[in-house]
Each structure stands twice: as structure tokens, then as C-alpha cells.
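Enquirer: what follows is a predicted structure for the sequence shown.
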Amino acid sequence: MAWAARAVAVVMAVVSPVLVVAAISISAELPAEWRLPETITTQSAAGVTFPAVGAFLLAYRPRHKLAWLMCAGGLGGAVYDICNATMLASAAHGDLASAGLLRLGAQVGWAVNGLLLEILLPLYSPDGRLPSPRWRAVVLLGAASMGAEMARQFMRPDPPIEGYMFPAVIPNPLQVRALTPYMAPIGVVAWTAIMVAVALSALSLLLRFRRADPLGRRQIGWPLFAFTGYILFMLAGIFVPQLYWLSVVWAALIPVALVFSVMRYRLYGIDTVISRTFVAAGLLAGVGSVYFGVAALSSLMVSGYHQIAGLASALFTGAFFQPLRRVLQRAVDRLLYGPVGDPRVLAEWLVQEVRRGDPAQALASVIGVLREGLAVQGVAVEVTGGELGHQVSVASTVSGQVGDAPREVPLVWHGEQVGRLLVGPINVRS
């Protein structure tokens with residue numbers, strides 16, 4: 001039934017962005033008093049990109065769990081958008097009863113989108129499995145908290161018109177007035193649990209990253225980089241509303257990062273992306289702190305001479321920049337590659353392996369260290385010999401499999417090539 005799965009995924013990938021575009025069009029035609037501050041939301045971005053990327057993955061792997069989460073979660077965001085837009089349009093035209101029903105549909109879409117994409121997707125990334133059975137508790141926490149908040153919205157009594165954001169109250173056909181005193185406490189508990197579940201989901205990626213080998217860290221780096229950026233931009237949007245659009249754009253890019261992780265084709269150099277991003281962010285924070293700190297201190301000590309304060313800040317910042325960059329780069333390299341990521345540590349490890357045994361054993365140990373340190377499928381050393389320019393292989397030592405087209409590095413001794421080092425492809429796991 002692989003064809004049926006692909007067909008369903010394609011339908012979701014087509015319907016979801018159509019709903020989002022329709023919702024944006026409807027919202028644009030609303031009267032000003034019935035229009036929300038943000039017409040395009042993170043749910044809009046999810047509805048456009050997640051189902052499309054999920055369908056792409058399902059074309060290759062019809063049972064891939066992450067792909068189904070992306071398709072269903074993105075569709076949930078699209079349902080939220082279209083129900084929200086049509087709800088406001090109905091209310092603007094005086095049909096408050098229909099608006100009340102559409103509001104319930106928007107809540108269902110919101111809950112599906114949040115549970116699948118913000119909680120389950122990070123938990124199951126990048127291989128479609130939980131880090132361990134203990135993380136099922138986070139799945140249950142996320143489902144229970146999202147369900148509790150959705151139920152609270154379903155039973156919410158109609159609020160008073162005073163302070164309401166629209167000209168008329170959109171009625172709730174399922175309201176339970178007896179729960180009015182408990183609505184606020186239930187909301188606090190539900191949202192606290194939701195935030196905890198989201199935080200634990202992001203933490204699961206970080207723990208996977210720390211426990212993985214160098215190759216695994218590259219693979220996990222894509223979803224970790226994507227979700228970390230999304231959380232940071234969301235927080236920035238809370239404190240600076242003008243930056244909310246950054247979280248919308250970033251949400252649209254998350255599924256692309258997940259594709260890179262799932263497909264695992266040479267891992268697309270995510271280590272370079274992460275390294276440069278973290279180093280740049282650290283430099284920005286560190287240099288900015290030094291500059292403004294020195295400027296403030298200079299202004300206090302040399303009152304009235306702002307030029308001197310600026311010059312002192314620039315000089316201190318320039319002197320501080322390069323050492324900070326080196327420290328940050330080393331820290332990020334160790335985070336991505338572990339101790340082997342530091343060339344000095346790798347060299348020391350090689351020396352220790354050479355000293356432990358006889359020459360034959362030392363050579364085998366050295367190429368084993370190189371294989372692990374370079375995160376490749378195999379490393380081989382061939383020693384050549386012969387006379388009158390006719391070189392033939394006389395000895396070889398192999399660790400792993402170098403493949404049919406290994407990278408070749410000549411081994412030169414006193415100006416003459418005495419062998420070659422063969423390096424296999426990057427160790428991409430299935």
C-alpha cells in the first residue's frame with residue numbers, strides 16, 4: 001500500500017498550502033476592526049512547507065514517521081489558519097453562531113499542529129525513534145497538556161464584551177458556565193505543562209547530540225540547529241514584536257533542515273554551518289559587551305569626552321576580538337567533534353598509540369585512530385617498493401573499507417614517495 005500512502009501525502013501537500021493562501025486572502029478582506037495583528041503566522045509557514053517536504057520524504061520512504069508528523073502537523077496549521085480566517089469573516093458579517101463553530105475547528109488545528117511539530121517532531125528526530133523508552137513520559141505530557149488546553153477552550157464561557165479584542169463576542173456553543181472560576185488556574189497549569197513538554201523535547205535533541213559520535217553529531221546538528229533557531233526567534237518576537245516575522249521565516253525552513261538530516265547524503269556540511277553560526281553569535285555578544293562596557297566605563301571616567309570613550313572602546317574591542325574567536329572556535333569544535341576535533345588532541349592520541357606496541361601494531365593502531373578521528377568508513381596505508389622507478393605494493397594495513405574510489409595522500413620520506421594513505425568516504429550510516 002505504498003502508493004496509497006504517497007497519494008495521501010500528496011493530497012495533504014496540495015490541500016494544506018491552498019488552505020493557507022485562502023486564509024491569507026480572506027484575512028486581507030476583513031474590516032480593520034475584525035483583523036488580527038498578524039495575518040501570516042508560524043502555522044501559516046508550517047502549512048506551506050511541512051506537508052510538501054513530508055510528501056517528498058514519503059516518496060522515498062512511505063512509512064517514515066517524521067514525514068507523517070510533518071504532513072499531519074502542517075495540515076493542522078493550515079486548518080487553524082483557514083478556520084480562524086473564516087471565523088472572523090463570519091463574525092464580521094453578523095453570523096456569530098457559525099463563527100463560534102469555526103472557532104472550535106481552529107482550536108483542533110492549533111492543538112494538532114503544536115503537538116506534532118513542536119513536541120513530537122523534535123522528540124523523534126532525526127531517526128524516527130525516541131531517545132529511550134523513558135521519553136514516552138514527555139509524549140504523554142505533551143498530549144495531555146495540549147488536550148487539556150483544547151478542552152478548556154472548548155468549554156470556555158463567553159467573556160464579557162469589556163476588554164474584548166473584537167466588536168462582538170464570538171460565542172462558544174459548548175461553554176460550561178460553572179467552570180468560570182476554574183478557567184484561569186486550568187489555563188496556567190495547561191500552558192506550564194505545554195512549555196515544559198516543548199523544553200524537554202528540545203532538550204532531547206541536545207542530549208542526543210552530546211552522546212553521539214562525530215558523525216551522529218553532524219546528523220543531529222540539522223534538527224538541533226533548526227529548532228534552536230526557532231525557539232530563539234520566538235522568544236525574540238515575544239520581547240520585540242517587530243521580530244516576530246523572523247520566527248515565521250525560520251519555521252518555514254525547519255523541514256528543509258530535517259530533510260538534510262534524514263537523507264544523510266554527506267550531511268551537507270552542517271558542522272560548518274553550526275560552527276560559523278555559534279562563533280559569530282558568540283563574537284557578536286562578546287564584542288558587543290566589551291565595546292559598550294568599555295564605552296560606559298570610559299564615559300564615567302572621562303566625562304564629556306565621548307570621542308575618547310569611543311576610541312578606547314574600539315581599541316579594547318579590537319584587542320579582544322581575535323582571542324575570543326579562537327576560544328569560541330575551539331569550544332564549538334569540541335562540541336561538534338569531541339576531543340578528536342582538536343588536532344593537538346588527535347596528534348597526542350596518535351603518539352600514545354605508537355608507543356604502546358611494536359611497529360606493526362602501532363601502524364594498525366594509528367590508522368584506526370585516523371579512521372575514527374576523520375569519521376570515515378575506512379583508512380589504509382600501502383607501503384611501496386621496487387627499483388628503477390617500478391613501484392609495487394609490498395605491504396598494506398587496512399582499517400575498515402576504503403571503497404572503490406578512496407582519496408589518496410602520498411607518503412613521502414626524504415623526498416621520495418614510499419607509499420600512500422587511502423581515505424575512504426564519510427561514514428554515512430543508513
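Expert: Good, I have the coordinates.
Enquirer: so which residues of the stretch 151-300 of the chain form helices?
Expert: 183-211, 214-239, 244-263, 270-301 (DSSP state H, counting those that start in this stretch).
Enquirer: which parts of the second one are buried?
Expert: Using 16 or more other Cβ atoms under 10 Å as the burial criterion, the residues of helix 214-239 that qualify are 214-231, 233-234, 237. Bear in mind the C-beta positions are built from the backbone N, C-alpha and C, glycine included.
Enquirer: got it, and the first one?
Expert: Within helix 183-211, the residues that qualify as buried by neighbour count (16+ other Cβ under 10 Å) are 183, 186, 190, 193-194, 197-198, 200-202, 204-205, 208-209.
Enquirer: packing partners for that helix?
Expert: helix 121-124, helix 136-154, helix 214-239 (3 or more Cβ pairs under 8 Å, 6 or more residues apart in numbering; DSSP states H and E).
Enquirer: now the longest one against helix 244-263, angle please.
Expert: Think helix 214-239. Between helix 214-239 and helix 244-263, the angle comes out at 160 degrees (axes from the mean of the first three to the mean of the last three Cα atoms, to 10 degrees).
Enquirer: report the mean per-residue pLDDT for helix 214-239.
Expert: Across helix 214-239, pLDDT averages out at 77.
Enquirer: thinking again about what came up before, make a markdown table from the helices and strands packed on helix 183-211 and add distance to residue 43 to it.
Expert: Compiled in a markdown table, those are given as follows (distance: least, Cβ to Cβ, whole Å):
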| stretch | distance to residue 43 |
| --- | --- |
| helix 121-124 | 14 |
| helix 136-154 | 14 |
| helix 214-239 | 13 |
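Enquirer: which of these sits closest to residue 27?
Expert: helix 214-239 (18.9 Å; Cβ to Cβ).
Enquirer: so which of the helices and strands packed on helix 183-211 comes closest to residue 28?
Expert: Closest among those, using Cβ to Cβ: helix 214-239, at 21.6 Å.
Enquirer: could you check the angle helix 183-211 makes with that closest one?
Expert: Using the same axes, to 10 degrees: helix 214-239 against helix 183-211 is 150 degrees.
Enquirer: spit out the contact partners of residue 201.
Expert: The contact partners of residue 201, by Cβ atoms under 8 Å, 6 or more residues apart in numbering, come to 118, 119, 120, 121, 122, 123, 138, 142.
Enquirer: from residue 114, how far off is it?
Expert: Per Cβ to Cβ, to the nearest Å, residue 201 is found 11 Å from residue 114.
Enquirer: residues near residue 134, how many?
Expert: 8 (other Cβ atoms under 10 Å).
Enquirer: confirm it sits in a helix?
Expert: Yes. When DSSP: H, G, I helix; E, B strand; the rest coil is applied, residue 134 is found to be in a helix.
Enquirer: what's near enough to touch it?
Expert: No contacts exist for residue 134 under Cβ under 8 Å, 6+ apart.
Enquirer: got it, and the one 5 residues further on?
Expert: Contact partners of residue 139, counting by Cβ under 8 Å, 6+ apart, are 119, 120, 123, 130.
Enquirer: hmm, residue 136 and the third one touching each other?
Expert: No. Counting by Cβ atoms under 8 Å, residue 123 sits too far from residue 136 to count as a contact (9.4 Å).
Enquirer: list residues touching both of those two?
Expert: residue 130.
Enquirer: more neighbours: these two, which one.
Expert: Applying other Cβ under 10 Å to residue 123 and residue 136 shows that residue 123 carries more neighbours, namely 22 against 11.
Enquirer: so how far is residue 167 from the more buried one?
Expert: 42 Å.
Enquirer: which residues of the stretch 101-250 of the chain score low on pLDDT?
Expert: 214-215 (pLDDT under 70).
Enquirer: where in the stretch 301-430 of the chain is pLDDT low?
Expert: 301-366, 369-370, 372-375, 384-397, 413-415, 418, 426-430.
Enquirer: residue 255 is in contact with residue 125, correct?
Expert: No. Assessed by Cβ under 8 Å, residue 125 is found out of contact with residue 255, at 11.0 Å.
Enquirer: please parse this protein into its domains.
Expert: Domain ranges of the chain: 2-264, 274-340, 358-423, per automatic domain parsing.
Enquirer: double-check that residue 420 belongs to a strand.
Expert: Yes. Applying three-state DSSP, one finds residue 420 inside a strand.
Enquirer: what's the local residue count around residue 410?
Expert: 10.
Enquirer: surely it is within a strand?
Expert: Yes. Under three-state DSSP, residue 410 falls within a strand.
Enquirer: neighbouring strands for the helix or strand containing residue 381, and are they parallel or not?
Expert: Here residue 381, judged by DSSP states H and E, is contained in strand 378-385. Applying DSSP bridges, strand 378-385 is found paired with strand 392-400 (antiparallel), strand 416-423 (antiparallel).
Enquirer: so for it, what gets flagged as buried?
Expert: 378, 379, 380, 381, 382, 384.
Enquirer: is it possible to get TSV of the residues you listed that adds distance to residue 425?
Expert: Formatted as TSV, these follow (distance: Cβ to Cβ, whole Å):
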residue	distance to residue 425
378	8
379	11
380	13
381	17
382	18
384	23
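Enquirer: between these, which is closest to residue 74?
Expert: For the buried residues of strand 378-385, the nearest to residue 74 is residue 378 (40.4 Å; Cβ to Cβ).
Enquirer: any idea how far residue 402 is from that closest one?
Expert: Residue 378 is 4 Å from residue 402, by Cβ to Cβ.
Enquirer: and what of residue 97?
Expert: Residue 97 is 71 Å from residue 402, by Cβ to Cβ.
Enquirer: got it, and residue 109?
Expert: Relative to residue 402, and taking Cβ to Cβ, residue 109 is found at 52 Å.
Enquirer: and for residue 411?
Expert: 15 Å.
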